[in-house]
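[1] After the sequence you'll find the predicted model.
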Amino acid sequence: MDLGLTDRTYIVTGATRGLGFATARELVADGANVVISGRTEESAAAAAASLGARAHGVAADNADADAADRLVAAA
C-alpha cells in the first residue's frame, strides 16, 4: 500500500530499538526519510546504518532541552 510518504522526512525519537525502530523501518520501507534518535552516537549510527541510506542517526536525550532543535536541524 502506498501511503504517499515517499521523500517526506520524519523524526522518530527513541528509534534505536523496539517500537521506535520498527516505526522507522516501516517508514523507510514506504520510501520516507527518517531522522532517528538514540541516547548515544554509536547506537543512533548503528540503527541508522541498518535502515539504509534514507536514515540518519542523531544522539539525543529527550530530557535535553536542545535535543529537539538538533533533531529538526538534522531533518
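    Received the coordinates, thanks.
[2] Could I get the full set of helices for the protein?
    Shown for the chain, the helices assigned by DSSP state H span residues 18-29, 41-51, 67-74.
[3] how close does A63 get to L3?
    When distance is defined by C-beta to C-beta, to the nearest Å, A63 is 32 Å away from L3. No exception for glycine: its C-beta is placed from N, CA and C like everyone else's.
[4] now do V12
    Applying C-beta to C-beta to V12 and L3 gives a distance of 15 Å.
[5] Among the two, which residue is more densely surrounded?
    V12 (23 against 11; other C-beta atoms under 10 Å).
[6] Would you mind confirming that the more buried one makes contact with V35?
    Yes: judged on C-beta atoms under 8 Å, V12 makes contact with V35 at a distance of 7.4 Å.
[7] Look at V28 and report its pLDDT.
    In this model, V28 is scored at 97, pLDDT.
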